[in-house]
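Undergrad: Got a predicted structure plus its sequence, pasted below:
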Amino acid sequence: MVQRFARVSGDGGSRRSRSGGAIALASGVGLAAFGYPFLLPAVTQGVFGGGSGAPRAAEAPLLLAALTALALATAAAEVGRLGGGRAGGGSKLVALLGALVAIDATLRLVPSLLGASPIFALIVLVGAAYGSSFGFLMGSLTLLLSGFLTGGLGPWLPFQMLGAGWVGLTAGWLPRSGHGAPRVAILAAFGVLWGLLYGALLNLYAWPFAAPGAEQGVGLFWTPGLGLGETVRRYGAFYLATSLGYDLFRAAANGLLILALGGPVLRLLVRYRSRFAWEATEA
């Protein structure tokens, strides 16, 4: 049995560490931003101005700048790590990432039904084929570029980038041992799950500021001073009333697209991956 091991640069481990550190930092900042109503229940609505969304509008540029910088740091570390084994591997990897992001962002222009969108299937497949760091970049940069293409620029964009980045990130955590139909079925189920989770996350962006007024308590909206249990209960009711229907369409689209196209697309992605990095194989 002969093994051909990947040739990597001497600082590949440090690049991996920088890549993971940048993603962890971006995710930590994002979780704090998403978890605002749960982490800061004592903040009074009067401080921010009830219902106007001003806090999100104020924090979004800062979050977008931080997320973009961290994404670039992740890209630099990941390109160096994966492309270090071959001359020009890093530049080829950048080109591949750019091409995949451009293709997926363009898919957002395709008319969709309710919450369904074709962009998430490719993010899942890329994360599964190239790993968590590459998947995070694929998701976050796809939403950034598609925001420019569709005019969807606003304080919600960094939250969309984080959500899509986490789709690709967690897809890279899935085991790669399976092949063929079983692996595609796992990825399809994963896409269905994220179709629901993505909507639940993005709802948190505006939920604290969606209330018509603290005096109109209908059991759906966040108000200052709520306990954690009541906050979770109200958000569950809000999600069921406002987002679940759309998210079911997104989840179904994710699963069906991956089942239909996941096999050939995944094989193509794996074939290209072998050109940019050497991996341990047995012969």
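TA: Looks like it came in fine.
Undergrad: Give me the neighbour count for residue 193.
TA: Applying other Cβ atoms under 10 Å, we find 15 other residues in the vicinity of residue 193. C-beta coordinates here come from the backbone N, C-alpha and C atoms, glycine included.
Undergrad: Report the contact partners of it.
TA: residue 251 (Cβ atoms under 8 Å, 6 or more residues apart in numbering).
Undergrad: Correct me if wrong, but it is in a helix.
TA: Yes - according to DSSP: H, G, I helix; E, B strand; the rest coil, residue 193 belongs to a helix.
Undergrad: could you point out where the stretch 1-150 of the chain is predicted with low confidence?
TA: Within the stretch 1-150 of the chain, the stretches with pLDDT under 70 are 1-19, 39-90.
Undergrad: which residues in it form strands?
TA: Taking DSSP state E, counting those that start in this stretch to define them, one finds strands in the stretch 1-150 of the chain at 3-4.
Undergrad: Could you verify my assumption that residue 129 touches residue 271?
TA: No - applying Cβ atoms under 8 Å, one finds residue 129 not in contact with residue 271, separated by 9.6 Å.
Undergrad: and those two? which has more neighbours close in?
TA: A count of neighbours by other Cβ under 10 Å puts residue 129 above the other of residue 129 and residue 271, at 22 against 10.
Undergrad: what's the closest non-adjacent residue to the more buried one?
TA: residue 269 (3.8 Å; Cβ to Cβ, 6 or more residues apart in numbering).
Undergrad: what about whichever strand or helix holds that neighbour, average pLDDT?
TA: Remark: residue 269 resides in helix 244-276, with elements defined by DSSP states H and E. In this model, helix 244-276 has a mean pLDDT of 91.
Undergrad: returning to what we had before: what's the burial count for the residue nearest to residue 129?
TA: 17.
Undergrad: Packing partners of the helix holding residue 269?
TA: Other helices and strands packing on helix 244-276, by 3 or more Cβ pairs under 8 Å, 6 or more residues apart in numbering; DSSP states H and E, are helix 89-107, helix 119-130, helix 180-206.
Undergrad: do you know which of those lies nearest residue 30?
TA: helix 180-206 (9.2 Å; Cβ to Cβ).
Undergrad: Which helix or strand lies directly C-terminal to that closest one?
TA: helix 228-242.
Undergrad: What helices and strands are in contact with that following helix?
TA: helix 36-39, helix 180-206.
Undergrad: lowest-confidence stretch among these?
TA: Among the helices and strands packed on helix 228-242, helix 36-39 carries the lowest mean pLDDT (a mean of 72).
Undergrad: got a list of contacts for that one?
TA: So helix 36-39 is contacted by 32, 55, 204, 207, 208, 222, 228, 231, 232, 235 (Cβ under 8 Å, 6+ apart).
Undergrad: Can you tell me which of these are classed as buried?
TA: 55, 204, 207, 208, 222, 231, 235 (16 or more other Cβ atoms under 10 Å).
Undergrad: Confidence-wise, which of those residues comes last?
TA: Where pLDDT dips furthest among the buried ones among the contacts of helix 36-39: residue 55, at 49.
Undergrad: circling back to that earlier point, list just the one of the helices and strands packed on helix 228-242 that sits closest to residue 154.
TA: helix 180-206 (10.2 Å).
Undergrad: From residue 268, how far out is residue 130?
TA: Applying Cβ to Cβ, to the nearest Å, the value for residue 130 to residue 268 is 12 Å.
Undergrad: same deal with residue 163?
TA: 26 Å.
Undergrad: neighbour count winner among these two?
TA: Taking other Cβ under 10 Å, residue 163 and residue 268 do not tie; residue 163 has more neighbours (24 against 12).
Undergrad: still on that earlier bit, dump the helices and strands packed on helix 244-276 to JSON lines, plus distance to residue 22.
TA: Shown next, in JSON lines, are the helices and strands packed on helix 244-276 (distance: least, Cβ to Cβ, whole Å):
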{"stretch": "helix 89-107", "distance to residue 22": "15"}
{"stretch": "helix 119-130", "distance to residue 22": "16"}
{"stretch": "helix 180-206", "distance to residue 22": "20"}
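Undergrad: Looking at those helices, spot the one closest to residue 146.
TA: helix 89-107 (3.9 Å).
Undergrad: by contact count, what packs against that closest one?
TA: If you count contacts as 3+ Cβ pairs under 8 Å, 6+ apart, helix 89-107 packs onto helix 54-83, helix 119-130, helix 132-150, helix 244-276.
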